[in-house]
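J.: the following block contains a protein sequence and its predicted model.
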Amino acid sequence: MTHQVDELVAIMSRLRDPETGCPWDIEQTFGSIAPYTLEEAHEVVDAIERGDLEELKGELGDLLLQVVFHARIAEEQGAFSFDDVTQGICDKMRRRHPHVFGDTRQQLDSDALHSAWEDAKALERSTRKNGKGHSSALDDVALALPALVRAEKIQKRAARVGFDWPDIAQVRAKLEEECGELEQAQSQQDADAIEDELGDVLFSVVNLARHLGVDAETALRRATRKFETRFRQVEVLAGRRELSLESLDIKALESLWQESKRALG
C-alpha cells in the first residue's frame, strides 16, 4: 500500500514540475481544481448508488488523485504535505474513537457512539476557536455542501444545544405555516419574497425529514430517480403510438403517466 501511494505522490510531483511537467497540471490552483474534486466525490456516490463496484474502484482512485493534487499544491507553498494530511486524519480517528484506541475499552451502541463523535468534534471546534473570537455551534459547516445536506447539518448542530422543535407535530405545523406564507407571497407577485418563502419551505421539509429519521438528500435523489424512470417509460409509450409529448394536453399526459406507473409496478 505504501509503495502505491508513494508512486501516486511521485507522479503528481512530476506532473507539477515547472520545467518538465504537464502544462495543464502546472497551472492549476486550489480554486481551479475544486470543481473537479466535487465532481469526483459525486461520481463516487453515483457508482455506489448504481451498485457498480468496478466503477467505484476507478472513481475512488480519481478522488484520491484530487487529495494528492491539493496536497502537492500546498507542499509547493510550504503549507503542508500529503504525509501531513494522512497523519492528521490518523490522529483524528484515534482521538474520536477512544472506545477503540483508548486505554479503557467501552461497549457503546450506535447512538452513544454518534453522540460521543459529535462531542469530540464540538471540543475540537472549541479548541480551534480558543482565543480567536466567538465560537458557534454552527462553525465549520462547509458552504460548498449541497443545499439539503448543509441545511440538515445546520439543523443538527442547533438541535445539539437544544434549539429544536420538541415533537414532529410542531415541525409539520411549521411547514404548513411556511407554505401559507409562500402562497401569500405568490398572491402578491413578489419575486424576491417568493424565493425567500420557498427557501423556508424547503428548509422546513429538511427539518421534517430529520425528525422522521430520513436523509433528505437521499430521499430527493430517490424521488428524482423514480421520476426519471417513469418519464422515460412515458416517452416509450408515446413513441410506440407515434405521439409527440409536446402536442398532448394535460389529461393525455396524465393518462400516459399513470400507465407508466402501472407498467413499472
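T.: On my side now, so go ahead. Residues are numbered from 1 along each chain as shown.
J.: who's in contact with residue 161?
T.: residue 137 (CB atoms under 8 Å, 6 or more residues apart in numbering). Using the backbone N, CA and C atoms, a C-beta is placed for each residue, glycine as well.
J.: got phi/psi on it?
T.: With angles defined as degrees, to the nearest 10, residue 161 sits at phi -100, psi 20.
J.: now swap in the one 10 residues further on and tell me
T.: Its backbone dihedrals place residue 171 at phi -70, psi -50, with angles given as degrees, to the nearest 10.
J.: my guess is it contacts residue 207. True?
T.: Yes - between residue 171 and residue 207 there is a contact under CB atoms under 8 Å: 5.5 Å.
J.: output the below-cut-off pLDDT ranges for this structure.
T.: 1, 104-133 (pLDDT under 70).
J.: re earlier: mutual contacts of residue 171 and residue 207, please.
T.: The contact lists of residue 171 and residue 207 share residue 165, where a contact means CB under 8 Å, 6+ apart.
J.: helix or strand: which one has residue 157?
T.: Secondary structure from DSSP states H and E places residue 157 in helix 147-160.
J.: so which bits of the helix or strand hosting residue 88 are buried?
T.: Here residue 88 sits within helix 82-96, counting by DSSP H and E. Across helix 82-96, burial judged by 16 or more other CB atoms under 10 Å covers 82, 85, 96.
J.: leaving out chain neighbours, which residue sits closest to the second one?
T.: Once flanking residues are discounted, residue 85 sits nearest to residue 71: 5.2 Å by CB to CB, 6 or more residues apart in numbering.
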